[in-house]
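Asker: This is the structure alone, sequence omitted:
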């Protein structure tokens, strides 16, 4: 409603003047609050844009944190990895097409750990199930003949002894990235135990799999 001339306003009844006054007051208040809402919406949009930019900045710093954490996290005795045995069927497709073909299977150990905040895997090839005892007999300080052990005992010693010790030592000593970029197999595992024992004493290499280094926890590099 447009502004009423004075002569028109004077001609209004008492009730009309009251209603007009209330209308004008509420009209001013309405536009004031509407402007405040519009200003707040602008601020909210500015905050959204600021939050978006801050998130991008945080993401960049997060990548930097993991980049350098990957270089030093092996110094923590609470190593962060998982490992398990799998059996690979190397010629499975050929055997499925031709059942007369002899299966070629080999045992591998999968080692899983984080690089750049992402879980990745590395494979340690062990050869065929038949070849494993022969390779383990290459350990100079062994107190048993692995050819005489059953499958379960060999699996237990392989996982909890040889693999746990070898993986823990190499992750702690050289770091996750170096471990990831280096090829590994059971022969190199046994050779490492022989070399380590020559310097540090009989069966000392196995301690890397059974002492404080075997506390396989999940440290969070973003925690301070």
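Answerer: Yes, it's here. All of these numbers come straight from a predicted model, not from anything done at the bench.

Asker: For residue 122, which three-state class applies?
Answerer: strand (DSSP: H, G, I helix; E, B strand; the rest coil).

Asker: What does the pLDDT read for it?
Answerer: The score at residue 122 is 96. That number is its pLDDT.

Asker: Can you name the residues that contact it?
Answerer: 110, 111, 113, 179, 180, 184 (Cβ atoms under 8 Å, 6 or more residues apart in numbering). In this view, the C-beta of every residue, glycine as well, is placed from N, C-alpha and C.

Asker: Now neighbour count, pLDDT and distance to residue 143 too, for those residues, in JSON lines please.
Answerer: Below are the contacts of residue 122 laid out as JSON lines (neighbours: other Cβ atoms under 10 Å; pLDDT from 0 to 100; distance: Cβ to Cβ, whole Å):
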{"residue": "110", "neighbour count": "13", "pLDDT": "95", "distance to residue 143": "29"}
{"residue": "111", "neighbour count": "23", "pLDDT": "95", "distance to residue 143": "27"}
{"residue": "113", "neighbour count": "22", "pLDDT": "91", "distance to residue 143": "31"}
{"residue": "179", "neighbour count": "20", "pLDDT": "94", "distance to residue 143": "29"}
{"residue": "180", "neighbour count": "15", "pLDDT": "94", "distance to residue 143": "33"}
{"residue": "184", "neighbour count": "20", "pLDDT": "97", "distance to residue 143": "25"}
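
Asker: Out of those, which sit inside helices?
Answerer: Among these, the members falling in helices (DSSP state H) are 179, 180.

Asker: Let me know the closest of the contacts of residue 122 to residue 89.
Answerer: residue 110 (15.2 Å; Cβ to Cβ).

Asker: Bridged to the nearest residue to that closest one once chain neighbours are set aside, which residues?
Answerer: Counting by Cβ to Cβ, 6 or more residues apart in numbering, residue 121 is the residue found nearest to residue 110 once chain neighbours are left out, at 5.3 Å. With DSSP bridges applied, the residues forming beta bridges to residue 121 are residue 112.

Asker: before we move on, what about the one 4 residues further on?
Answerer: According to DSSP bridges, residue 108, residue 185 are recorded as the beta-bridge partners of residue 125.

Asker: OK, contacts around it?
Answerer: 106, 108, 184, 185, 186.

Asker: now residue 93: how far from residue 41?
Answerer: 62 Å (Cβ to Cβ, to the nearest Å).

Asker: Any buried residues in stretch 202-210, and which?
Answerer: Neighbour-count burial for stretch 202-210, counted by 16 or more other Cβ atoms under 10 Å, picks out 203, 205, 206, 207, 208, 209.

Asker: same thing with stretch 99-112?
Answerer: 106, 107, 108, 109, 111.

Asker: gap between the two ends of that stretch?
Answerer: Between the opening and closing residues of stretch 99-112 lies a distance of 34 Å (Cα to Cα, to the nearest Å).

Asker: any idea how far that stretch is from the chain center?
Answerer: Distance of stretch 99-112 from the chain centroid (Cα atoms, centre = their mean, to the nearest Å) equals 28 Å.

Asker: Many thanks, I have nothing further to ask.
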